[in-house]
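this one's structure only:
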């Protein structure tokens with residue numbers, strides 16, 4: 001079982017360290033608000049990932065290949081990313097005089113992170129394949145204990161990444177002048193719009 005745990009730690013690190021929409025939103029909020037908002041986006045996304053993980057490891061991932069479920073979730077996810085991208089561009093062009101209070105901003109960032117993850121039904125495909133990876137390590141079909149160890153290792157690695165990512169963003173915030181913050185926020189906005197367009201194009205493709 002230790003091999004499964006180490007494998008899950010490594011896969012979790014690779015999964016989370018890859019640049020994506022969640023990192024863009026964490027970076028955008030972090031350069032404005034510091035460690036708290038960046039960490040909240042990461043943890044919210046992790047909560048959404050946990051839901052997809054449980055569904056995927058339970059073997060119900062195939063349900064989300066059905067267009068009646070996959071298409072609405074994908075469209076909702078695209079709309080959310082597009083809205084976040086436009087908001088980022090607006091805030092970069094017209095900085096707000098005041099930011100929301102810490103608690104309110106943190107709750108909003110947490111909810112946004114969870115919504116970003118839950119709006120990506122392709123996550124369940126990844127987790128459906130995870131059971132195969134565990135089976136390959138064990139040399140036999142993965143049992144409940146093996147899947148639980150894999151899930152625990154992945155989530156441990158992911159939670160550690162939440163601290164590392166938010167910490168690095170907070171350090172970056174201290175080093176950036178206001179103009180650089182606005183430029184970085186605009187870049188995050190553009191990347192979020194691209195991340196919204198990619199699944200939309202995939203969905204529209206014949």
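Received, thanks. Being a predicted model, the structure only gives us computed values, none of them experimental. Residues are numbered from 1 along each chain as shown.

can we go C-alpha only for contacts and neighbour counts from here?
Will do.

which parts of the longest helix belonging to the chain are buried?
The helix that spans the most residues within the chain, counting by DSSP state H, is helix 144-175. For helix 144-175, burial by neighbour count (16 or more other C-alpha atoms under 10 Å) applies to 146-159, 161-163, 165-167, 169-170, 173.

the helices in the protein, which residues?
Secondary structure of the chain by DSSP H: the helices cover 2-17, 21-33, 35-57, 67-93, 102-118, 122-138, 144-175, 178-204.

chain center to the last one, what's the gap?
When distances are taken as C-alpha atoms, centre = their mean, to the nearest Å, helix 178-204 is centred 14 Å away from the chain's centroid.

which parts of that helix are buried?
Buried-residue list, helix 178-204, by 16+ other C-alpha under 10 Å: 181-182, 184-197, 199-200.

what angle separates that helix from helix 21-33?
In terms of direction (axes from the mean of the first three to the mean of the last three C-alpha atoms, to 10 degrees), helix 178-204 departs from helix 21-33 by 160 degrees.

helices or strands next to helix 178-204 in the packing?
Contacts defined by 3 or more C-alpha pairs under 8 Å, 6 or more residues apart in numbering; DSSP states H and E place helix 178-204 against helix 21-33, helix 67-93.

quick one: mean pLDDT over the last one.
Pointing back at helix 67-93 there. Mean per-residue pLDDT for helix 67-93: 86.

now that helix: buried residues?
70-71, 73-86, 88-89, 91-92.

hmm, back to that, pick out the shakiest of the helices of the chain, pLDDT-wise.
Confidence, taken as mean pLDDT, is least for helix 122-138 of the helices of the chain (a mean of 67).

what's near enough to touch the closest residue to residue 119 other than its chain neighbours?
Spatial nearest neighbour of residue 119, excluding adjacent residues (C-alpha to C-alpha, 6 or more residues apart in numbering): residue 77 at 4.1 Å. By C-alpha atoms under 8 Å, 6 or more residues apart in numbering, residue 77 lies in contact with 115, 116, 118, 119, 120, 196.

the same query, at a cut-off of 10 Å, please.
By C-alpha atoms under 10 Å, 6 or more residues apart in numbering, residue 77 lies in contact with 71, 83, 115-121, 195-196, 199-200.

out of those residues, flag the one nearest to residue 19.
For the contacts of residue 77, the minimum distance to residue 19 (C-alpha to C-alpha) is 10.7 Å, reached by residue 195.
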